[in-house]
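Novice: Quick check, what structure comes out for this input:
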Amino acid sequence: MILGQLVRILRAIMRHLELSQVRMNMTPTFNMLSRRALFGGVAGLVALLSLGGDISAAEINEIHFLIPGGAGGGWDGTARGTGMVLTNEGLIKSGSYENMSGAGGGKAIGYLIETADRQQGTLMVNSTPIVVRSLTKVFPYSFRDLTPIARTIGDFQAIAVRPDSNIKTWGDVVAQFKKDPRSVKFAGGSVRGDLDHLVPAMAMKAMGLDPKQVVYVPYDAGGKALAGLLSGETELLTTGFGEAIGPHRDGQIRIIAVSSDKAIEGIPSLKEQGADVEFANWRGFFAAPGISKEQSQAYQDLLEKMMATKGWEELRAKNGWQNLYLPGDQFVSFLTEEEKEIGDLMRELGFLK
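Specialist: The predicted structure is shown next:
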């Protein structure tokens, strides 16, 4: 326990030095030599102490959650919800959060890889886009460059409109698309060719229409995409059901279709409206490359324990998530298979050559 506390203290010192270095009033000589010595000495102590023993789930007292997108999106809600439950249920003492948008999530992934030696206490949330964006070369990384910890939940895709919209059903969207595809604009909180784009394209293809004619307007995370819909920049919103269900219940938007096999909360599925599409976006957590098997297992055990709590069940039900826990090597096998399946689908839709 003492060892774990020492490691955490030293890592906190490193983070403080990293954030403070640009503000330090040093002479040039001290700046070049002493700062390097400070970082090197602390880094060496962290590495040395980390080798001294294994870390069990019971010894994980704090987690820093790295979120590859902006506030209000599915990644943000999943990370903050997970941290809240872990803390409230007494499984960890504290959680901290860092939103790092850019490059379709690639900025955060690159940062986690490049600073891996200082990220032993960090978990990055991600989801199906890590597979999609790797395939489309939005960033040069893949899940293989990280340490997959566990898949935790699945979230269906929702298609929504403003409450006063003349569009009442998916059939109305299809009818308008047939008349003028350019007039049907979907807002989404991810880059072109990503899930928010792929699902309506899949649905149009299932209706016998050209998926490449779908007009998709990308925003940085679901919160901004929702704002784009409400401001009238687009007529439709495509986003995770978990992100949309709250505004739908509050009357801000109206969900007209969901990518499940049947209706949810009275909202009809795409399948029930003639589009043979069923899709769930998983979300889960990754650690920095190079962490020990023991630490990876400790994180897996911690998340599994959390998902059995009352607090998690309340959060899951509120957000309309499905429990899809899949740890470690099983998670890696799933990612490998999904990469193949999504790659085949994207080639069929024309998003990959």
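
Novice: would you list every one of the helices in the chain?
Specialist: Counting by DSSP state H, the chain has helices at residues 2-20, 28-29, 35-50, 74-88, 106-114, 129-135, 170-179, 195-206, 222-230, 241-250, 293-306, 310-319, 328-349.

Novice: which residues touch the fifth one?
Specialist: Think helix 106-114. 66-68, 100-103, 119, 122, 124, 126, 130, 133, 138-141, 145-146, 286, 288-289 (Cβ atoms under 8 Å, 6 or more residues apart in numbering). Bear in mind the C-beta positions are built from the backbone N, C-alpha and C, glycine included.

Novice: Apply 7 Å and report the result again.
Specialist: 66, 68, 100-101, 119, 122, 124, 133, 138-139, 141, 145-146, 288-289 (Cβ atoms under 7 Å, 6 or more residues apart in numbering).

Novice: Please compute how far that helix lies from its chain's middle.
Specialist: 14 Å (Cα atoms, centre = their mean, to the nearest Å).

Novice: mean confidence score for it?
Specialist: The average pLDDT within helix 106-114 is 96.

Novice: mind listing what's buried in that helix?
Specialist: G106, A108, I109, G110, Y111, L112 (16 or more other Cβ atoms under 10 Å).

Novice: just the angle between it and helix 74-88, please?
Specialist: Orientation check (axes from the mean of the first three to the mean of the last three Cα atoms, to 10 degrees): helix 106-114 against helix 74-88 gives 50 degrees.

Novice: ok so, going back, save the buried residues of helix 106-114 as TSV, and put in distance to N281 too.
Specialist: Below are these laid out as TSV (distance: Cβ to Cβ, whole Å):
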residue	distance to N281
G106	18
A108	18
I109	17
G110	22
Y111	23
L112	21
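
Novice: Which single one of these is nearest to E339?
Specialist: I109 (15.3 Å; Cβ to Cβ).

Novice: could you point out the longest strand in this structure?
Specialist: Longest strand of the chain, by residue count under DSSP state E: strand 147-161.

Novice: who does that one touch, helix- and strand-wise?
Specialist: Packing partners of strand 147-161 (3 or more Cβ pairs under 7 Å, 6 or more residues apart in numbering; DSSP states H and E): helix 195-206, strand 236-240, helix 241-250, strand 254-258, strand 280-287, helix 293-306, strand 322-327, helix 328-349.

Novice: Would you mind saying which of the helices of the chain lies nearest K271?
Specialist: Taking the helices of the chain one by one with Cβ to Cβ, helix 195-206 is closest: 9.0 Å.

Novice: Quick check: mean pLDDT of that closest one?
Specialist: In the prediction, helix 195-206 has an average pLDDT of 90.

Novice: and that helix, what other elements does it pack with?
Specialist: With contacts taken as 3+ Cβ pairs under 7 Å, 6+ apart, helix 195-206 sits against strand 147-161, strand 185-188, strand 236-240.

Novice: Let me know which of these is tucked in deepest.
Specialist: Greatest average neighbour count among the helices and strands packed on helix 195-206 goes to strand 236-240 (a mean of 29), per mean count of other Cβ atoms under 10 Å.

Novice: What angle do strand 147-161 and it make with each other?
Specialist: Going by the same axes, to 10 degrees, strand 236-240 makes 150 degrees with strand 147-161.

Novice: what are the pairing partners of strand 236-240, and which direction each?
Specialist: Strand pairing for strand 236-240, using DSSP bridges, gives strand 147-161 (antiparallel), strand 185-188 (parallel).
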